[in-house]
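Novice: After the sequence you'll find the predicted model.
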Amino acid sequence: MSGHSKFANIKHRKERNDAAKGKIFTILGREIAVAVKEGGPDPANNFKLAGVIAKAKASNMPNDTIDRGIKKAVGDIGSVNYEYITYEGYGPGGIAVIVDTLTDNKNRTAANVRSAFAKGQGNIGTPGCVSFLFEKRGQILIDREKCGLEGDGLMMEALDAGAEDFREEEDSYEILTEPDALETVRKALEEKGIPVAGAEVTRIPRTYAELTDEAAVGNLQKILEILEEDDDVESVYHNWG
């Protein structure tokens, strides 16, 4: 989207996360536990675990912390009770918001998410009420400063690896894939020596909506900030452009 740098947003979030690594690492530890329970401790044979490990490395989680998390998950495999729950709703001005959570207490999480929407003059909707406004895509971000290839060269490498789309931003390259192809494309790029700044399955708005009222903008930001600070919230998506 012209004028919006996804990589700048990622860097901004990362700077905030660096001041609160405990929350990020807690979430990643839960994801590792769920992935190990579902597919075992070997990332070579567990696509989901491989994806979580890639995300953990992109968040600067140390390798020994990742390894300890996997070993702990193996030991606790019978007691892992986390579940993924997605909430959909509307912020001020009808802005679509999707909240992905990973929780061991869905009553607590549901109450917290509802409270966040209410405090920002928004409301929770029914499942599916806004998800059709987004598409799930694998997204790989490359820092232009750290990439040794020009845009055309990187695009060819990405397409050859199975990517579907390629976009250039001022400070980054964005590579889009089918969700199931994300790990394959990421590994192919890294094997070529191309450093990956981030890789995840994300939700990309099909269209964007604007907010011009300052009070509405402030309320939407309040919703987003409360949700992003919640330990049970993995990701928050919106179509505010």
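Specialist: Arrived safely.
Novice: tally of neighbours for Tyr84?
Specialist: Counted with other CB atoms under 10 Å, the neighbours of Tyr84 add up to 12. Just so you know, the C-beta spots here come from the backbone N, C-alpha and C atoms, and that holds for glycine as well.
Novice: Confirm that it sits in a strand.
Specialist: Yes: Tyr84: assigned to a strand according to DSSP: H, G, I helix; E, B strand; the rest coil.
Novice: what's it in contact with, if anything?
Specialist: Val34, Asp100, Thr101, Leu102, Glu234 (CB atoms under 8 Å, 6 or more residues apart in numbering).
Novice: out of those, which is most surrounded?
Specialist: Each of those was scored for neighbours by other CB under 10 Å, and Thr101 scores highest at 24 neighbours.
Novice: Show me what that one is bridged to.
Specialist: Ile85, Val233 (DSSP bridges).
Novice: so what's it up against?
Specialist: Tyr84, Ile85, Thr86, Tyr87, Thr109, Val113, Asp230, Asp232, Val233, Glu234.
Novice: how about JSON lines for the residues you listed, with distance to Pro43 and pLDDT added?
Specialist: Supplementary listing: those in JSON lines, determined by distance: CB to CB, whole Å; pLDDT from 0 to 100:
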{"residue": "Tyr84", "distance to Pro43": "19", "pLDDT": "94"}
{"residue": "Ile85", "distance to Pro43": "25", "pLDDT": "97"}
{"residue": "Thr86", "distance to Pro43": "25", "pLDDT": "97"}
{"residue": "Tyr87", "distance to Pro43": "29", "pLDDT": "98"}
{"residue": "Thr109", "distance to Pro43": "28", "pLDDT": "97"}
{"residue": "Val113", "distance to Pro43": "31", "pLDDT": "98"}
{"residue": "Asp230", "distance to Pro43": "28", "pLDDT": "93"}
{"residue": "Asp232", "distance to Pro43": "25", "pLDDT": "94"}
{"residue": "Val233", "distance to Pro43": "25", "pLDDT": "94"}
{"residue": "Glu234", "distance to Pro43": "20", "pLDDT": "91"}
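Novice: Looking at these, state which has the most neighbours.
Specialist: Going by other CB under 10 Å, Val113 tops these with 25 neighbours.
Novice: so where's the longest strand in the chain?
Specialist: Longest strand in the chain, counting residues (DSSP state E): strand 134-143.
Novice: Quick one: mean pLDDT over that strand.
Specialist: Strand 134-143 comes out with an average pLDDT of 93.
Novice: That one: partners in the sheet, and parallel or antiparallel?
Specialist: With DSSP bridges as the test, strand 134-143 is paired with strand 172-177 (antiparallel), strand 198-205 (antiparallel).
Novice: Would you mind writing the CA trace of the last one as CSV?
Specialist: Translated: strand 198-205. C-alpha atoms of strand 198-205 as CSV (Å, rounded to 0.1, in the frame of the first residue of the first chain):
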residue,chain,number,x,y,z
GLY,A,198,10.4,-11.9,9.4
ALA,A,199,8.3,-14.8,8.2
GLU,A,200,4.7,-15.6,9.2
VAL,A,201,1.3,-16.4,8.0
THR,A,202,-0.7,-13.2,8.2
ARG,A,203,-4.0,-11.7,7.3
ILE,A,204,-3.8,-9.0,4.6
PRO,A,205,-6.8,-6.6,4.1
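Novice: How far away from the center of its chain is it?
Specialist: Offset of strand 198-205 from its chain centre (CA atoms, centre = their mean, to the nearest Å): 6 Å.
Novice: Give the next helix or strand downstream of it.
Specialist: Per DSSP states H and E, the first helix or strand lying C-terminal to strand 198-205 is helix 214-229.
Novice: Buried residues of that next one, list them for me.
Specialist: Neighbour-count burial for helix 214-229, with 16 or more other CB atoms under 10 Å as criterion, is recorded at Ala216, Val217, Asn219, Leu220, Lys222, Ile223, Leu224, Ile226, Leu227, Glu228.
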